[in-house]
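**Q** Predicted model, plus sequence, below.
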Amino acid sequence: MITRRTVLSGLGSAAMLSQLPTRAWADVPAKALQMPLLVDAVETGRFAMTAQAGITNFLGRAESRTWGFEQPFLGPTLRLHHRSETAAEVRNGLDEAVSVHWHGLVVPGDVDGGPHQLVQPGQTWSPVLPIDQPPATVWYHSHTHARTAEQVQMGLAGVLHLTDGQDDARGLPTAYGVDDLTLVLQDRRFDRDGRMAYRVSMPDQMMGFLGDTMLVNGQVGATAVVPKGLVRLRLLNGSNARIYTLALSDGRPMHLIGTDTGLLDRPIALETLTLAPGERYEVLVDFGDGMEVSLLSGQNINEGMMGGMMGGRRASGPPFEVLPFVVDPQVPVRVSRLPEALGGSRPNMSSSDAVERRITLDMAMGPGMMMRRAENRFSINGQPFDMSTLNFTTRVGQLEKWTVSANMMMHPFHVHGVTFQVLSENGQAPRPQNTGWKDTLLVDGAAEILMRFDRPAAEARPYMFHCHILEHEDGGMMGQFAVKG
Ligand code: C2O
Ligand code: CU
Ligand code: CU
């Protein structure tokens, strides 16, 4: 049995809320990290899941009320064919309305699962998803306007693997939970008793809610057991607001193989990887030397001007441990060589006949901010989200170039119903990690993105574009648009 020291975080110490402790450890037997339940819908072309309430004992000393799909917290990993008509069935067993948005699936507005498609308590929503896009790791989560942050915090989220069945031929690890790990990164706060707590103060709303304890797949203090070879990590930042700056403890490279919505043409070796809320990255890590190593993250970098204004929260502080790995030589090694070519692509569109738009992500500041209603503290181009206002209309086949500016702090910007190319970040070529297909981009200053809309969204079932800091999204930093067929 593995013994290691596991996290005892700075529970209840309000001063430290935004800074995760490096090593406030205690000697206890380690738990092996569990994967979410895998539901394979490749053959059947259908899946069903129920949003339900449950009980989760995160820290081993108190029961928290949580939500999940088919389980107490979070939902199963759904494996879907990348070209299929997949029939989904989502039942709402909770006592408030929810919606289920397929973040990263490029599907028409009427099955996108945004805030106009609420599933009432006791009801079932049965969209047929016409999936036709490259293999990727995407995800699903609740998207109920003004309730998204709390519903996701409670556990209404899960991962989707879009597959074409060719990953073995590509030389990529494919054994779920063995050399192909799905890792949902989230931070949470716990009260003195050890119960998950989501109470949003004014600074929490401004900064986005940051936890004091790290969860991977809903587990605290777990260790991943891996083979002595190459391991694929499918990383999802499912946190409400925290931005991770990931690195391995001994500085070994992460070989980036996939971005939000697809595989790259070839791996890119990175020492650090930034993972903002809503983003997914797939990396390969070589454990062939058998050494123990940890995935670490720097403290949240999104302090901006708010640090000083909101009581001195700072990004400073040593890195904290996200997930330790131990190598088990008994686990058969399936892949030991880094593939040279991945069969994916990098976007390389021409922006010459693109429609141009300017998108400014705004925060109301000063006394005015305090006066505003919670749903109106944030806006896009000065307009807080309004369910009954369409912000613009485009059409199928249209190429669009958006210049997105982030005011006051960094904002992870997401667009529904499309996958985009990053043209520039602050006037420079995009960082290597942003050269693949994306649907969410951390905007720190200004960025230009280029995309072509291929799927329709009617005015009554429009697509959303928004900041993926969920407290900002719920607070009005969201807009909606139709795509005429
Ligand atoms: Cu992941 Cu509109 O959201
Ligand atoms: Cu989305
Ligand atoms: Cu934001």
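**A** On my side now, so go ahead. Numbers count the residues shown, from 1 in each chain. Ligands and ions are numbered 1, 2, ... in the order given.

**Q** ok, the closest residue to ligand 2 within the stretch 51-200 of the chain - contacts?
**A** Closest to ligand 2 within the stretch 51-200 of the chain is H103: 3.6 Å, counting by CB to the ion. For every residue, glycine as well, the C-beta is placed using N, CA and C. Contacts for H103 were tallied using CB atoms under 8 Å, 6 or more residues apart in numbering; they are 138-141, 278, 414, 416, 439-440.

**Q** I'd like the distance between it and L470.
**A** Using CB to CB, to the nearest Å, H103 is found at 12 Å from L470.

**Q** G54 too?
**A** Distance from G54 to L470, by CB to CB: 21 Å.

**Q** Then F190?
**A** Applying CB to CB, the value for F190 to L470 is 19 Å.

**Q** Give me the more crowded residue out of these two.
**A** L470 (26 against 21; other CB atoms under 10 Å).

**Q** so what are the domain limits for this protein?
**A** Domains of the chain are assigned by automatic domain parsing as 4-32+170-327, 38-163, 355-484.

**Q** Tabulate these (JSON lines), appending distance to ligand 3 and mean pLDDT.
**A** Listed next are the domains of the chain as JSON lines, based on distance: least, CB to the ion, whole Å; pLDDT from 0 to 100:
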{"stretch": "domain 4-32+170-327", "distance to ligand 3": "7", "mean pLDDT": "86"}
{"stretch": "domain 38-163", "distance to ligand 3": "12", "mean pLDDT": "98"}
{"stretch": "domain 355-484", "distance to ligand 3": "3", "mean pLDDT": "95"}
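
**Q** show me what contacts the closest residue to ligand 2 within the stretch 301-450 of the chain?
**A** In the stretch 301-450 of the chain, no residue comes nearer to ligand 2 than H416, which is 4.5 Å away by CB to the ion. Contacts for H416 (CB under 8 Å, 6+ apart) come out as 101, 103, 109, 112, 114, 457, 463-465.

**Q** on that earlier part again, redo the domains of the chain as CSV? Include distance to G344.
**A** Below are the domains of the chain laid out as CSV (distance: least, CB to CB, whole Å):
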stretch, distance to G344
domain 4-32+170-327, 3
domain 38-163, 7
domain 355-484, 7
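
**Q** buried sites along stretch 83-99?
**A** Neighbour counts using 16 or more other CB atoms under 10 Å place 84, 86, 88, 90-94, 97-99 of stretch 83-99 among the buried residues.

**Q** could you pull out the helices for the stretch 301-450 of the chain?
**A** 306-309, 367-371 (DSSP state H, counting those that start in this stretch).

**Q** for whatever helix or strand E471 lives in, packing partners?
**A** Assigning secondary structure by DSSP states H and E places E471 in helix 470-474. Other helices and strands packing on helix 470-474, by 3 or more CB pairs under 8 Å, 6 or more residues apart in numbering; DSSP states H and E, are helix 148-154, strand 463-467.

**Q** now whichever helix or strand comes after it: how far from the chain's centre is it?
**A** Next helix or strand after helix 470-474 toward the C-terminus (DSSP H and E): strand 478-484. Strand 478-484 has its C-alpha centroid displaced from the chain centroid by 22 Å (CA atoms, centre = their mean, to the nearest Å).

**Q** what's the answer for stretch 243-261, then?
**A** Stretch 243-261 sits 15 Å away from the centroid of its parent chain (CA atoms, centre = their mean).

**Q** Now tabulate the contacts of H103 in JSON lines and tack on distance to G194.
**A** Shown next, in JSON lines, are these (distance: CB to CB, whole Å):
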{"residue": "V138", "distance to G194": "33"}
{"residue": "W139", "distance to G194": "27"}
{"residue": "Y140", "distance to G194": "28"}
{"residue": "H141", "distance to G194": "25"}
{"residue": "G278", "distance to G194": "28"}
{"residue": "H414", "distance to G194": "33"}
{"residue": "H416", "distance to G194": "37"}
{"residue": "D439", "distance to G194": "36"}
{"residue": "T440", "distance to G194": "32"}
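
**Q** So which of those belong to strands?
**A** Among the contacts of H103, the residues falling in strands (DSSP state E) are 138-141, 414, 440.

**Q** So among those, which ones count as buried?
**A** Among these, those scoring as buried are 138-141, 414, 440 (criterion: 16+ other CB under 10 Å).

**Q** closest to L118 among those residues?
**A** When these are compared for distance to L118 (CB to CB), H141 wins out at 14.2 Å.

**Q** wait, what's in contact with that closest one?
**A** 100-101, 103, 148, 151-152, 156-158, 238.

**Q** Restricted to strands, list these.
**A** Per DSSP E, strands hold the following members of these: 101, 103, 157-158.

**Q** Please identify which pair of the residues you listed lies farthest apart.
**A** Longest span within the ones in strands among the contacts of H141, CB to CB: H101 and G158, 11.6 Å.
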